[in-house]
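>>> when you get a sec, could you give me coordinates for this:
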Amino acid sequence: MADDDDSFEPHLGRQRSLGGKRSRSALGRILRSTNLARGGGPGLASSRTFTGSRIGRGGGTGRVLARRGDGAAFGRRRVIVKARIVKLAGRGVSAAAAHLRYLQRDGTTREGEPGTLYGRDSDAIDGAEFRARGNGDRHQFRFIVSAEDGSDYDDLKPLTRRLMERAEEDLGTRLDWVAVDHFNTGHPHSHIVVRGVDERGKDLVIAREYLTGGLRERAAELVDLDLGPRSAREIEIALRAEVTQERLTSIDRALLRGIGEDRVVAASGRDGFDQAIRTGRLNRLAEMDLAEPIGAGRYRLAEGLDDTLRGMGERGDIIRMMQRDFTRVHLNRPMADRVIYDPASSEAQPLVGRMVARGFADEFNDRHYLIVDATDGRSHYVAIGKGENLEQLATGAIVRIDPLSAAVRAVDRTIAEVAAANGGHYDIDAHLRHDPGATEAFAETHVRRLEAMRRGGGGVTRDASGQWTIAPDHLDRVRSWQTDRLRDRPVGIKVLSPVPLDRLHDADAATWLDREAVANDPVPLREAGFGQDVRDTQARRRQWLIAQGLGDEMAGAAGPAGGLLATLQRRELLRVSGQLADELQRPFSESAEGTRVEGIYRKPVDLVSGRFAVIERSRDFTLVPWRPVLEQQLGKPLSGVMRGDGISWTIGRGRSGPIIS
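This is a model prediction of the structure:
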């Protein structure tokens with residue numbers, strides 16, 4: 001027998017490999033089991049992928065429910081659930097308060113009455129109390145639950161309460177929530193706002209899979225229990241209705257899924273009914289020049305068909321919203337005088353008119369619109385973007401709408417020039433060296449522009465010394481940043497008068513009518529609609545000014561006397577200052593042209609003459625014209641010099657602080 005030492009020759013294989021088979025080590029088995037448990041394949045490679053989608057409560061439940069929904073039975077009731085997480089830091093608190101107010105606006109119930117917040121145990125909840133409980137919360141959740149057959153419910157409250165009970169069971173915690181039901185669209189739906197804390201007051205983190213799929217499946221379960229599955233007859237009726245619609249339909253989506261690179265689809269279907277539906281829809285698309293028949297039951301779909309149909313659907317929704325708002329406020333305008341304002345159009349002009357209505361263009365993304373009855377005699381639908389772009393105004397307030405563009409400004413070009421000459425960096429000292437004729441105040445306006453870009457993700461950075469790093473493609477970044485901003489704020493809005501037109505003819509204040517009377521380029525007025533109303537009110541205003549000794553009778557018309565605006569504004573300030581003096585326990589002192597104003601900014605006050613800032617000083621207070629830059633300066637000491645109808649402010653007392661005018 002040969003020696004064992006002579007017959008044994010070891011061969012080293014790859015590390016952790018047993019004869020080419022998968023590792024059976026404890027670590028390998030753990031990783032493999034973990035991967036299988038989370039829904040991955042049996043291999044180890046996929047366990048290395050981390051998306052964060054399963055972090056938080058309800059991850060496992062959401063995953064199971066979402067998979068069940070992927071194979072939902074034919075005829076199941078469809079429910080759309082949109083979920084959004086909103087951070088409450090900074091302006092988020094005031095935006096959250098405004099959101100609750102918007103949800104309770106007029107015309108949301110079946111009877112056209114304001115909506116009412118409700119909760120688990122009450123049909124009427126105070127929104128202010130709910131907000132107070134949420135003070136200090138990091139975030140909140142907002143849901144929109146819309147059942148396809150929501151119109152079959154007389155009341156959505158029981159459905160919403162049962163849905164939230166299921167959510168509490170899935171998430172393992174009690175939820176603090178309020179809801180309001182809206183019946184002002186073709187699909188009744190519920191808005192649900194949930195505080196971002198669990199029952200122990202800790203931050204509530206919900207897994208993405210539950211937000212995107214789990215809650216939807218829970219809602220669909222409940223609707224199926226209430227109404228039963230849709231019958232084949234109901235499905236047929238819904239599909240037949242889609243054949244002629246001027247919007248993107250489920251039939252269109254099915255057609256688009258079946259096209260090739262040549263964009264050709266066939267009308268043939270799974271069965272006779274499916275083929276009839278496809279043929280009817282394709283013929284309708286051909287009538288709209290969105291499809292071209294090429295013979296043998298085949299059609300070539302137009303490029304951008306989905307975007308075109310989506311735009312047509314949005315336009316139809318806008319027309320219906322305008323009709324609903326006109327009916328609610330009893331405004332009668334011919335169809336030809338109802339238009340959609342497009343700020344991106346090359347023909348877009350500034351618009352002046354009274355605000356007839358305000359509403360949601362997109363409730364989920366907080367996109368708002370105004371209906372403006374303008375001086376051109378027409379009523380305009382104006383998309384204004386985020387609701388925070390415009391404060392709450394009374395119906396009838398007079399506003400000016402200006403189209404905004406993504407154009408690069410002179411200030412951006414100057415920043416790029418200074419940075420190019422300073423090694424890619426910008427600061428005030430570099431600016432003053434580059435342009436000795438520039439003032440420090442002028443350079444500060446460039447810093448404010450950069451700060452706005454930094455806060456808005458515009459691709460600029462600032463180091464601890466205050467120096468800005470400017471990329472070589474800075475102007476391209478400005479265009480991109482501006483374009484992104486236009487999505488949230490497509491127009492500029494200026495309040496010309498918070499007071500409706502019918503209260504201006506005898507107002508003892510400097511009104512919008514008076515400013516128009518002395519303007520070099522007054523707003524043109526059409527002899528129809530709001531334009532005619534303005535003409536009539538101007539005539540009444542002239543007669544009132546004559547009676548007050550503030551106008552001259554000239555050829556049957558009243559011309560404004562010298563210093564008219566200053567006189568009327570001073571009258572209102574003196575009248576209002578008496579009320580503020582009692583509140584502040586300080587006497588009022590006027591601020592004349594050229595005088596320095598120093599004090600603490602206490603609050604804004606809205607007058608007929610405009611918005612003014614209350615500046616409290618050690619022994620008295622004064623009123624000065626308000627500027628948007630004061631929004632973030634409440635309670636802070638300021639210093640500035642009165643110049644005409646404006647003032648240049650400095651943060652902090654004295655001249656050393658940064659100018660914010």
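
>>> so what are the domain limits for the protein?
59-227, 233-303, 315-392, 410-488, 566-651 (automatic domain parsing).

>>> so which of the ones you listed gets nearest Leu501?
Closest approach to Leu501 among those (C-beta to C-beta): domain 315-392, 6.2 Å. In short, each C-beta sits where N, CA and C put it, glycine included.

>>> tell me how far the ends of the closest one are from each other?
Using C-alpha to C-alpha, to the nearest Å, the end-to-end distance of domain 315-392 comes to 26 Å.

>>> and for stretch 407-426?
21 Å.

>>> stretch 345-365 too?
So stretch 345-365: terminal residues 24 Å apart, C-alpha to C-alpha.

>>> and that stretch, which residues are buried?
348, 351-361, 363 (16 or more other C-beta atoms under 10 Å).

>>> ok, now stretch 243-251?
Quick answer for stretch 243-251 (16+ other C-beta under 10 Å): 243, 245, 248-249, 251.

>>> before we move on, back to that, in JSON lines: the domains of the chain, plus distance to Val534 and mean pLDDT.
Below are the domains of the chain laid out as JSON lines (distance: least, C-beta to C-beta, whole Å; pLDDT from 0 to 100):
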{"stretch": "domain 59-227", "distance to Val534": "26", "mean pLDDT": "86"}
{"stretch": "domain 233-303", "distance to Val534": "37", "mean pLDDT": "89"}
{"stretch": "domain 315-392", "distance to Val534": "6", "mean pLDDT": "84"}
{"stretch": "domain 410-488", "distance to Val534": "30", "mean pLDDT": "89"}
{"stretch": "domain 566-651", "distance to Val534": "16", "mean pLDDT": "85"}
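
>>> which stretch among those domains comes nearest Ala547?
domain 566-651 (13.8 Å).

>>> roughly how far out does that closest one sit from the chain middle?
32 Å (C-alpha atoms, centre = their mean, to the nearest Å).

>>> grab the nearest non-local neighbour of the most centrally placed residue in the chain.
The chain has Lys386 as the residue nearest its centroid, 2.5 Å off, counting by C-alpha atoms, centre = their mean. Leaving aside its sequence neighbours, Lys386 sits nearest to Asp488 (C-beta to C-beta, 6 or more residues apart in numbering; 4.7 Å).

>>> right, and that neighbour touches Gly387 too?
No. Counting by C-beta atoms under 8 Å, Asp488 sits too far from Gly387 to count as a contact (10.1 Å).

>>> and these two? which has more neighbours close in?
More neighbours surround Gly387 than the other of Asp488 and Gly387, with 18 against 15 (other C-beta atoms under 10 Å).

>>> packing partners of the longest helix belonging to the chain?
If you go by DSSP state H, the chain has its longest helix at helix 305-328. Judged by 3 or more C-beta pairs under 8 Å, 6 or more residues apart in numbering; DSSP states H and E, helix 305-328 is in contact with helix 250-257, strand 338-340, strand 351-362, strand 367-374, strand 379-386.

>>> could you give the angle of that helix to strand 351-362?
With axes from the mean of the first three to the mean of the last three C-alpha atoms, to 10 degrees defining the directions, helix 305-328 sits at 110 degrees from strand 351-362.

>>> mind listing residues that contact helix 305-328?
106-107, 112, 184, 245-249, 252-253, 256, 285, 290-291, 302, 331-333, 338, 340, 356-357, 359, 361, 369, 371, 379, 381 (C-beta atoms under 8 Å, 6 or more residues apart in numbering).

>>> TSV for the domains of the chain, including distance to Ser497?
Converted to TSV, the domains of the chain look like this (distance: least, C-beta to C-beta, whole Å):
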stretch	distance to Ser497
domain 59-227	22
domain 233-303	38
domain 315-392	9
domain 410-488	26
domain 566-651	7
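
>>> any idea where the strands of the stretch 101-250 of the chain begin and end?
For the stretch 101-250 of the chain, applying DSSP state E, counting those that start in this stretch gives strands covering 139-147, 177-182, 189-195.

>>> who's in contact with the last one?
Contacts of strand 189-195 with the rest of the structure, by C-beta under 8 Å, 6+ apart, involve 99-100, 103, 130, 133-134, 137, 140-147, 150, 156, 159-160, 164, 175-182, 204, 363.

>>> now do the buried residues in stretch 596-610.
597-602, 605, 607-610.

>>> mind checking which of these are in helices?
Using DSSP H, none of the buried residues of stretch 596-610 sit in helices.

>>> of all those residues, which two lie farthest apart?
Every pair of the buried residues of stretch 596-610 checked by C-beta to C-beta; the farthest is Glu598 and Val608, at 27.5 Å.

>>> Gly396: how many residues sit nearby?
Counted with other C-beta under 10 Å, Gly396 comes out at 17.

>>> and what about it, helix, strand or coil?
coil (DSSP: H, G, I helix; E, B strand; the rest coil).

>>> just checking, it touches Gly353?
No. Here Gly396 does not reach Gly353: they are 10.5 Å apart, not a contact under C-beta under 8 Å.

>>> right, and the helix or strand after the helix or strand hosting Val64?
If you go by DSSP states H and E, Val64 is part of helix 59-70. Moving toward the C-terminus from helix 59-70, the next helix or strand (DSSP H and E) is strand 79-87.

>>> ok, back up a step: quick one: the helix holding Val64 to strand 79-87, angle?
Using the same axes, to 10 degrees: helix 59-70 against strand 79-87 is 150 degrees.

>>> just to revisit the earlier point, got the phi and psi for the residue nearest to Lys386?
phi -90, psi -20 (degrees, to the nearest 10).

>>> tell me how far it lies from Asp533.
33 Å (C-beta to C-beta, to the nearest Å).

>>> ranges for the helices of the stretch 151-300 of the chain?
Applying DSSP state H, counting those that start in this stretch to the stretch 151-300 of the chain gives helices spanning 157-171, 208-209, 215-227, 232-242, 250-257, 272-287.

>>> quick check: Gln349 is in a helix.
No. Counting by three-state DSSP, Gln349 is located in no helix; its state is coil.

>>> what's the separation between it and Pro524?
10 Å.

>>> ok so, going back, can you lay out the buried residues of stretch 243-251 as a markdown table showing distance to Arg617?
As requested, the buried residues of stretch 243-251 are exported to a markdown table (distance: C-beta to C-beta, whole Å):
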| residue | distance to Arg617 |
| --- | --- |
| Val243 | 72 |
| Gln245 | 65 |
| Leu248 | 61 |
| Thr249 | 65 |
| Ile251 | 70 |
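
>>> farthest pair in these?
Val243 and Leu248 (13.4 Å).

>>> hmm, back to that, now the contacts of strand 189-195: which count as buried?
99-100, 103, 130, 134, 137, 140-147, 150, 156, 159-160, 164, 175-182, 204, 363.

>>> between the buried residues of stretch 596-610, which sits nearest Asp620?
Nearest member of the buried residues of stretch 596-610 to Asp620, counting by C-beta to C-beta, is Gly599, at 8.9 Å.

>>> can you pull the contacts of the closest one?
615-618, 621-622, 637-638.

>>> Ile647 now?
597, 624-625, 627, 640-641, 661.

>>> okay, and which of those map to strands?
597, 624-625, 640-641 (DSSP state E).

>>> now for the residues you listed: which two are most distant?
Between all members of those, the farthest pair (by C-beta to C-beta) comes out as Pro625 and Val641, at 12.5 Å.

>>> just the helices from the stretch 451-600 of the chain, written as ranges.
474-488, 512-518, 529-547, 564-584.

>>> of these, flag the one that's most buried.
helix 512-518 (a mean of 19; mean count of other C-beta atoms under 10 Å).

>>> how distant is that one from the center of its chain?
Using C-alpha atoms, centre = their mean, the offset of helix 512-518 from its chain centre is 33 Å.

>>> repeat that for stretch 76-93.
Worked out by C-alpha atoms, centre = their mean, stretch 76-93 lies 13 Å from the chain centre.

>>> could you do stretch 163-173 as well?
With C-alpha atoms, centre = their mean, you get 29 Å for stretch 163-173.
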